[in-house]
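Undergrad: Can you look at this prediction? I've put the sequence above it.
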Amino acid sequence: MVELKEILKPRAKEIGFDLIGFAKAEPLENEFDNYLYWLEQGFNAKMEYLERNKEKRKDISLILENAKTVIVTATNYNTPFYHNQSLNNSQGKISRYAWGEDYHNVILPKLELLASEISKIYPEAKSKCYVDTGPILEKVWAVKAGLGWQGKNSLILTKKFGSYVFLGLIITSVEIEPDSIIPDHCGKCSSCIESCPTNAIVQPKVIDSNKCISYWTIETKGKADFPENVAKNLKNWVFGCDICQEVCPWNRKEVFTDDVSFFPRQNQTILESDYFNQMSEDEFSIRFKNSPIKRAKLEGIRKNISYIKKSE
Ligand code: B12
Ligand code: SF4
Ligand code: SF4
């Protein structure tokens with residue numbers, strides 16, 4: 001049991017993961033009730049996919065039969081680049097996670113490579129890899145695997161890298177000794193709650209997506225009008241929002257990744273209104289190929305920028 005873990009830990013580093021942890025694949029209890037509470041409150045906004053496959057979110061063995069272990073990885077995406085602090089109202093900020101390549105494309109092949117190490121040792125083992133898109137409460141598993149704690153901004157904070165990490169998961173049928181949980185280190189701090197311009201952190205760890213700039217600028221793809229509270233308080237964010245992470249003391253360490261795929265493409269951390277007004281759909285597809293920004297579509301980005309022109 002211990003032996004496989006000792007093989008996977010250094011191999012994960014070689015492959016490019018910054019942290020790895022192991023959790024026992026058991027059904028969720030309180031965490032699942034909290035998720036149901038979150039849905040009941042309508043905090044998922046129009047993200048209906050979060051209402052589907054509830055049972056799989058509770059019991060991970062419905063995703064992989066005979067699941068014994070959930071392996072969770074964290075990949076640091078912090079880079080030594082920053083937003084220009086004096087922006088005008090035709091310049092929109094891209095959130096840090098979206099400056100470079102789409103993380104799904106970067107992380108999934110690495111997880112598959114790591115999973116193949118398990119098969120080398122246990123050829124009969126079954127494993128499944130996920131980044132973001134499965135019916136899985138990834139942050140809950142990150143806590144269980146001892147990678148970090150869930151901060152009041154609802155994100156996973158790690159002692160070494162803060163919250164600018166992407167999570168990835170391997171569910172496997174092999175039993176591996178679980179890691180210990182790390183205590184919550186938010187303490188009395190509540191900077192994220194106080195700094196959120198739309199009051200989207202409705203209680204510690206709980207985000208109301210209906211109020212979250214990240215939701216409106218990424219998920220609605222130009223198809224819905226922003227509520228007034230969001231439209232007025234965009235603070236120049238046009239794709240995602242990092243305010244509740246920028247204020248977090250755990251992100252002051254500035255430990256940077258050397259993976260250039262997360263560095264800003266063409267050194268762009270902001271998007272200019274004129275640039276998009278002149279752009280064709282084809283140019284948009286080429287410029288944002290394999291970038292998370294493609295998700296918002298040209299129409300969505302134009303709409304988001306039109307809002308910052310009107311915001312305070
Ligand atoms: C849906 C989603 C969103 C939604 C909803 C956000 C949210 N907090 O749930 C929106 C579009 C707003 C969003 C935004 C962002 N996201 Co997002 N998102 C997801 C996704 C796909 C699912 C999250 C989910 O299941 N939410 C449902 C809620 C119920 O889950 P939860 O937050 O863990 O809920 C817990 C608490 O709410 C708490 N709780 C609920 N009720 C109650 C009640 C009480 C009394 C208590 C005590 C607790 C409690 O318990 C719940 C269960 O444990 C995950 C990937 C995944 N599959 O997990 C990425 C993920 C969470 N996102 C990620 C990122 C990077 C972001 C952004 C930073 C992007 C950006 N820069 O704009 C922002 C951050 C906004 C924020 N502060 O959360 C990363 C986070 C990495 C990390 N370090 O944690 C993830 C893990 C993707 C990944 N694979 O790396 N996201
Ligand atoms: S991402 Fe922005 S809007 Fe959403 S909770 Fe954090 S600070 Fe608030
Ligand atoms: S800003 Fe403070 S309360 Fe919020 S996540 Fe960071 S340490 Fe926790």
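TA: Ah, there it is. Ligands and ions are numbered 1, 2, ... in the order given.

Undergrad: For residue 288, list the residues it contacts.
TA: Neighbouring residues of residue 288 by CB atoms under 8 Å, 6 or more residues apart in numbering: residue 294. Placement of C-beta: from N, CA and C, glycine included.

Undergrad: got the buried residues for stretch 204-217?
TA: Neighbour-count burial for stretch 204-217, counted by 16 or more other CB atoms under 10 Å, picks out 205, 207, 208, 209, 210, 211, 212, 213, 214, 215, 216, 217.

Undergrad: The last one against residue 235, yeah?
TA: No - applying CB atoms under 8 Å as the test, residue 217 and residue 235 come out as separate, 11.2 Å apart.

Undergrad: Need the overlap of contacts for the two.
TA: Shared contacts of residue 217 and residue 235 (CB under 8 Å, 6+ apart): residue 241.

Undergrad: tally of neighbours for the closest residue to residue 164 other than its chain neighbours?
TA: Counting by CB to CB, 6 or more residues apart in numbering, residue 78 is the residue found nearest to residue 164 once chain neighbours are left out, at 4.0 Å. For residue 78, the count of nearby residues is 20 (other CB atoms under 10 Å).

Undergrad: ok, residue 78 - contacts?
TA: Applying CB under 8 Å, 6+ apart, the residues contacting residue 78 are 96, 161, 162, 164, 251, 254, 255, 256, 257.

Undergrad: Show me the domain layout of the chain.
TA: Following automatic domain parsing, one finds the domains of the chain at 2-80+96-172, 191-254+265-310.

Undergrad: lowest-confidence stretch among those domains?
TA: When those are compared by mean pLDDT, domain 191-254+265-310 comes last with a mean of 94.

Undergrad: Is ligand 2 within reach of that domain?
TA: Yes - Domain 191-254+265-310 is in contact with ligand 2 by CB under 6 Å from any ligand atom, via 196, 198, 200, 201, 207, 212, 213, 214, 241, 243, 244.

Undergrad: hang on, isn't the fourth one packed against residue 209?
TA: No - at 11.3 Å, residue 201 and residue 209 do not qualify as touching, with contact defined as CB under 8 Å.

Undergrad: roughly how far apart are residue 72 and residue 54?
TA: 21 Å (CB to CB, to the nearest Å).

Undergrad: Tell me which of these two has more neighbours.
TA: Taking other CB under 10 Å, residue 72 and residue 54 do not tie; residue 72 has more neighbours (27 against 14).

Undergrad: who are the neighbours in contact with the closest residue to the more buried one other than its chain neighbours?
TA: Excluding the flanking residues, the one nearest residue 72 by CB to CB, 6+ apart is residue 145, at 4.0 Å. Counting by CB under 8 Å, 6+ apart, residue 145 touches 21, 22, 23, 70, 71, 72, 178, 179.

Undergrad: Now flag whichever of the residues you listed is closest to ligand 1.
TA: residue 72 (9.9 Å; CB to the nearest ligand atom).

Undergrad: in which helix or strand would I find that closest one?
TA: Residue 72 is part of strand 69-76 when elements are defined by DSSP states H and E.

Undergrad: How about residue 167?
TA: Using DSSP H and E, residue 167 falls in strand 165-172.

Undergrad: That strand - contacts with which helices or strands?
TA: Counting contacts by 3 or more CB pairs under 8 Å, 6 or more residues apart in numbering; DSSP states H and E, strand 165-172 is packed against strand 69-76, helix 103-121, strand 127-130, helix 138-144.

Undergrad: what about these, which gets the closest to ligand 2?
TA: Ligand 2 lies closest, by CB to the nearest ligand atom, to one member of those: helix 138-144, at 14.1 Å.

Undergrad: could you point out which element follows that closest one?
TA: Sequence order places strand 149-150 as the next helix or strand after helix 138-144, per DSSP H and E.

Undergrad: next structured bit after that next one?
TA: Criterion used, DSSP H and E; the element after strand 149-150 is strand 156-157.

Undergrad: Does the strand holding residue 167 reach ligand 1?
TA: Yes - applying CB under 6 Å from any ligand atom, one finds that strand 165-172 is in contact with ligand 1 at 165, 166, 167.

Undergrad: quick one: the last one and residue 71 touch, right?
TA: No - judged on CB under 8 Å, residue 167 makes no contact with residue 71 at a distance of 11.1 Å.

Undergrad: Neighbour count: the two, which is higher?
TA: Using other CB under 10 Å, the more surrounded residue of residue 167 and residue 71 is residue 71, with 28 against 24.

Undergrad: Nearest residue to the more buried one in space, ignoring adjacent ones along the chain?
TA: Excluding the flanking residues, the one nearest residue 71 by CB to CB, 6+ apart is residue 170, at 4.2 Å.

Undergrad: partners of the one you found in the sheet?
TA: residue 71, residue 129 (DSSP bridges).
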